[in-house]
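Asker: Sequence first, predicted model second:
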Amino acid sequence: MMWTGLIVLAFIIYHLAHFTLYWTNSDYGKLEDVVAPNHTRHDVYAMVTHAFSNPIVVAIYLAAMAVVFVHLSHGVASMFQSLGLSNHRWSKIRRRASRVVVGLLILGFIAVPLGVKFGLVERNPKEKGAKNAVSHTTSANTKDAASR
Ligand code: HEM
């Protein structure tokens, strides 16, 4: 539990550096989506699809989610034990139920990197002249287009 907890903590630090502080790619902070005249918002879609087109990043997230699964399914089962479901009959149900619930949560998390990696999520639909197309010129996108 302690080791998986430390790995989850390391993942959270990496994750914030990646998607919140943009330390791994400073161009991510410049990605903007024009939603109305004179109104833009950070383009999380472009950031996420760019990030998960790198197989190493996908592998890091999948490995981290496997550790989150182990840590959280044990943690949820322990939480219900602390709340009193601790006899022999309940301990089996408790462990199975926490694995199922946490497993569903993890499936939701990994759907994002896997969806991008396997092309279920389009990398940049705006480039294909989709409806509501917006101009999108940041250095991250320029670099992105050049790498394709
Ligand atoms: C495959 C799994 C995951 C994916 C694809 C993912 C995706 C993201 C993305 C795209 C953002 C940035 C959102 C934005 O800029 O508006 C974000 C932020 C964040 N994520 Fe995750 N995440 C995952 C797993 C996790 C896990 C397991 C945790 C916690 C244990 C977590 C905690 C956070 C936190 C604290 C933020 C910062 C929120 C903020 O900046 O306001 N994420 N995540």
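Answerer: Great, that's in hand.
Asker: list the buried ones in stretch 79-92?
Answerer: Across stretch 79-92, burial judged by 16 or more other CB atoms under 10 Å covers Phe80. Placement of C-beta: from N, CA and C, glycine included.
Asker: what mean pLDDT does it have?
Answerer: Here stretch 79-92 scores 86 as its mean pLDDT.
Asker: can you check stretch 33-52 too?
Answerer: Computed over stretch 33-52, the average pLDDT equals 93.
Asker: So that stretch, near the ligand or not?
Answerer: Yes: using CB under 6 Å from any ligand atom, stretch 33-52 comes into contact with the ligand via 44, 48.
Asker: mind checking how far stretch 76-86 is from the chain centre?
Answerer: Distance of stretch 76-86 from its chain centroid, counting by CA atoms, centre = their mean, to the nearest Å, is 28 Å.
Asker: what secondary structure does Val34 sit in?
Answerer: strand (DSSP: H, G, I helix; E, B strand; the rest coil).
Asker: from memory it sits against Thr40, does it?
Answerer: Yes: with contact defined as CB atoms under 8 Å, Val34 reaches Thr40; the gap is 5.3 Å.
Asker: Settle it for me: which of those two has more neighbours?
Answerer: Just comparing Val34 and Thr40: by other CB atoms under 10 Å the higher neighbour count belongs to Val34, 16 against 12.
Asker: From Tyr14, how far out is that one?
Answerer: 30 Å (CB to CB, to the nearest Å).
Asker: Equivalent analysis for Trp90, please.
Answerer: 37 Å.
Asker: what's the offset of the lengthiest helix in the chain from the middle of its chain?
Answerer: For the chain, the longest helix by residue count, based on DSSP state H, is helix 88-117. Distance of helix 88-117 from the chain centroid (CA atoms, centre = their mean) equals 15 Å.
Asker: Give me the buried positions along that helix.
Answerer: Quick answer for helix 88-117 (16+ other CB under 10 Å): 94-95, 97-99, 102, 105-106, 110, 112-114, 116-117.
Asker: and what of stretch 59-79?
Answerer: Buried residues in stretch 59-79 (16+ other CB under 10 Å): 60-61, 64-65, 67-77.
Asker: What are the boundaries of the helices in the protein?
Answerer: Counting by DSSP H, the helices of the chain are 2-19, 44-51, 55-82, 88-117, 139-147.
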